[in-house]
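*Asks:* Model the structure of this input:
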Amino acid sequence: MFRKNKDSELDVKSLNKFLHISNNLLNFVFILVIILVILVGTYLIKEWNILGIIGTILSVISPVFIGFVVAWLLDPLATKFSHKMPRVLACILTYVIIFGGIILILVFTVPTFSNSISDIVNVVPDIVDNAQDFASDTLENLGNSKQIEDYKNTLLSKIETMGTNLASTLPNSIWNFGKGLVSGATNIILGLMIGFYLLFDFRKFQGHILSLIPRNWHNGAKNLMSRINGKLRNYVQGVLLIMVLVFITQSIGFSLAGLKAPFLFALFCAITDVIPYIGPWIGGAPAVIVGFTIDPTVGIFCLISVLVCQLLENNFYQPLIMGKTMRLHPVTIMLGLLLFNYFFGMIGMIVATPLIATIKIIIEFIVENTTLGKKFNTYQENNKKTVRETSTEDNLELES
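*Replies:* Alright, predicted model coming up:
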């Protein structure tokens, strides 16, 4: 196959070309297998309602889950302090610093958010009137035909109905949200108490997990847990810091734009920023729409604020804070967002990136530590070496 005729020497160039194509094909098949595993997994989770079952379990044991997440996030800081003091004092100091700072922030921000909600409730009628005027003027500029007049009446009626419903249901919605917040606060307080005890003995948690698997797997399990733990912790900490920066940036921008309740809209932008790529636009859309209903100038400046925040995040916040934390191709992230959004909605979009990164780490670990994976790596290295040698020979031939 790789000889020009029966008695001739091996055609090295054709062989290397075949190996190069085979390597690319194997890589493509490897990616397809990963995508297929994700698709089958998400389909089974949806069909068997595994996510619903997990959600029910988590709602029951939510304080324990909250406590574990708190202990997991604060363990590095507590461990750092424990080098100079007893572990229990290190845990107390960690709690005082972190939650003392959070309480201090809440003391200054809760009244502001309360005023912002009050401003939104009071300004709803004005927003509806402005929206009706804006829609009416826009349709009038298009002409005075009967069809446009019908569209105008229908649109104005819908805006008025929506505004009436919003004005009447908003106080009840806020009240229900407040009751839910109190209930959630109770779970959070219990979770913080559980988190303190877990934080004190968090290092023993890994030992409990290792005790469930054979002893000869311990080193590999420690390596895998360390990889996943470090990657996810860096991701969560980076996302939280970027959320704070987005909140500050958008608060300044919306305030300068003259938007009502700028801190409330900025908080929404910070929360939706958890979703990669499309989250900032989801968060900025309501602020821009409300801005245009108040005044076109306000809407334009709100849009500018969203664009400036995006530029800052893409060119400064993300590269400086996140760097290459996830090491995922943008196409992979977008594909994951589409799949998880289809199967699990907004929550799926939030967990898509860290979950895909975790799956990637597990697959890399399997490839590195199994016989088949080692053979695959050896084949790839030999193939790359052969391609480099062939390229060098071709260059020498061209020079000669």
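*Asks:* Run through the stretch 301-400 of the chain and note the low-pLDDT ranges.
*Replies:* Counting by pLDDT under 70, the stretch 301-400 of the chain contains low-confidence ranges at 322-326, 344, 371-400.
*Asks:* Helices of that one, residue ranges please.
*Replies:* For the stretch 301-400 of the chain, the helices defined by DSSP state H, counting those that start in this stretch cover 330-369, 371-399.
*Asks:* and if you look at the stretch 51-200 of the chain?
*Replies:* 62-82, 87-142, 146-200.
*Asks:* Go through those helices and find the least confident stretch.
*Replies:* The weakest mean pLDDT among the helices of the stretch 51-200 of the chain belongs to helix 146-200, with a mean of 70.
*Asks:* what angle separates the helix or strand that that one is followed by from helix 62-82?
*Replies:* Sequence-wise, the next helix or strand downstream of helix 146-200 (DSSP states H and E) is helix 202-210. Angle of helix 202-210 versus helix 62-82, following axes from the mean of the first three to the mean of the last three Cα atoms, to 10 degrees, is 120 degrees.
*Asks:* The helix or strand just after helix 202-210 to helix 330-369, inter-axis angle?
*Replies:* Per DSSP H and E, the first helix or strand lying C-terminal to helix 202-210 is helix 218-257. Here helix 218-257 points in a direction 160 degrees away from that of helix 330-369 (the same axes, to 10 degrees).
*Asks:* Hey, what's the angle from the helix or strand following helix 218-257 to helix 218-257? Just curious.
*Replies:* For helix 218-257, the following helix or strand on the C-terminal side (DSSP H and E) is helix 262-272. Angle, helix 262-272 to helix 218-257, by the same axes, to 10 degrees: 150 degrees.
*Asks:* Quick one: mean pLDDT for helix 262-272?
*Replies:* On average, helix 262-272 scores 87.
*Asks:* Kindly report the same for stretch 282-294.
*Replies:* Averaged over stretch 282-294, pLDDT sits at 84.
*Asks:* CA-only coordinates of that stretch, as PDB, when you get a sec.
*Replies:* These are the backbone C-alpha positions of stretch 282-294, laid out as PDB (Å, rounded to 0.1, in the frame of the first residue of the first chain):
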ATOM      1  CA  ILE A 282     -29.600  38.600  29.700                       C
ATOM      2  CA  GLY A 283     -28.800  40.800  32.700                       C
ATOM      3  CA  GLY A 284     -28.400  44.000  30.800                       C
ATOM      4  CA  ALA A 285     -31.500  43.700  28.600                       C
ATOM      5  CA  PRO A 286     -34.100  44.700  31.400                       C
ATOM      6  CA  ALA A 287     -32.000  47.800  32.400                       C
ATOM      7  CA  VAL A 288     -31.800  49.000  28.800                       C
ATOM      8  CA  ILE A 289     -35.500  48.400  28.100                       C
ATOM      9  CA  VAL A 290     -36.500  50.200  31.300                       C
ATOM     10  CA  GLY A 291     -34.000  53.000  30.400                       C
ATOM     11  CA  PHE A 292     -35.700  53.500  27.000                       C
ATOM     12  CA  THR A 293     -39.100  53.700  28.600                       C
ATOM     13  CA  ILE A 294     -37.900  56.400  30.900                       C
END
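*Asks:* tally of neighbours for residue 210?
*Replies:* 16 (other Cβ atoms under 10 Å). The C-beta positions use only the backbone N, C-alpha and C, and glycine is treated the same way.
*Asks:* hang on, isn't it packed against residue 219?
*Replies:* No - counting by Cβ atoms under 8 Å, residue 210 does not reach residue 219; the two are 9.8 Å apart.
*Asks:* overlap in contacts of the two?
*Replies:* Counting by Cβ atoms under 8 Å, 6 or more residues apart in numbering, residue 210 and residue 219 have no shared contacts at all.
*Asks:* burial count for residue 235?
*Replies:* Residue 235 has 17 neighbouring residues, counting by other Cβ under 10 Å.
*Asks:* Next, find the distance separating it from residue 350.
*Replies:* For residue 235, the distance to residue 350 equals 12 Å [Cβ to Cβ, to the nearest Å].
*Asks:* cool, and residue 182?
*Replies:* Look at residue 182 and residue 350: by Cβ to Cβ, they are 24 Å apart.
*Asks:* can you check residue 79 too?
*Replies:* 28 Å.
*Asks:* With neighbour numbers in mind, choose between the two.
*Replies:* residue 350 (21 against 15).
*Asks:* In contact with the more buried one, which residues?
*Replies:* Per Cβ under 8 Å, 6+ apart, neighbours of residue 350: 274-275.
*Asks:* for residue 250, same thing?
*Replies:* 262, 265-266, 269-270, 284, 287, 305-306, 309.
*Asks:* What separation do you get for it and residue 314?
*Replies:* 15 Å.
*Asks:* burial of residue 262, as a residue count?
*Replies:* Neighbourhood size, residue 262 [other Cβ under 10 Å]: 23.
*Asks:* Please report the distance of the closest residue to it other than its chain neighbours from residue 269.
*Replies:* Sequence neighbours aside, residue 254 is the residue nearest to residue 262 in space, at 3.5 Å (criterion: Cβ to Cβ, 6 or more residues apart in numbering). Separation of residue 254 from residue 269 (Cβ to Cβ): 9 Å.
*Asks:* list residues touching both of those two?
*Replies:* Common contacts of residue 254 and residue 269 (Cβ under 8 Å, 6+ apart): residue 287.
*Asks:* and the spatially closest residue to residue 82 that is not a sequence neighbour, how many neighbours?
*Replies:* By the measure of Cβ to Cβ, 6+ apart, the closest residue to residue 82 outside its immediate chain neighbours is residue 90, 4.0 Å from it. Using other Cβ under 10 Å, the number of residues around residue 90 comes to 20.
*Asks:* cool, residue 189 as well?
*Replies:* Using other Cβ under 10 Å, residue 189 is surrounded by 12 other residues.
*Asks:* start at 2 instead
*Replies:* Done: numbering now begins at 2, and the last item shifts to residue 190.
*Asks:* how close does it sit to residue 184?
*Replies:* Distance of residue 190 to residue 184, given as Cβ to Cβ: 11 Å.
*Asks:* got it, and residue 305?
*Replies:* 39 Å.
*Asks:* That concludes my questions; thank you for your assistance.
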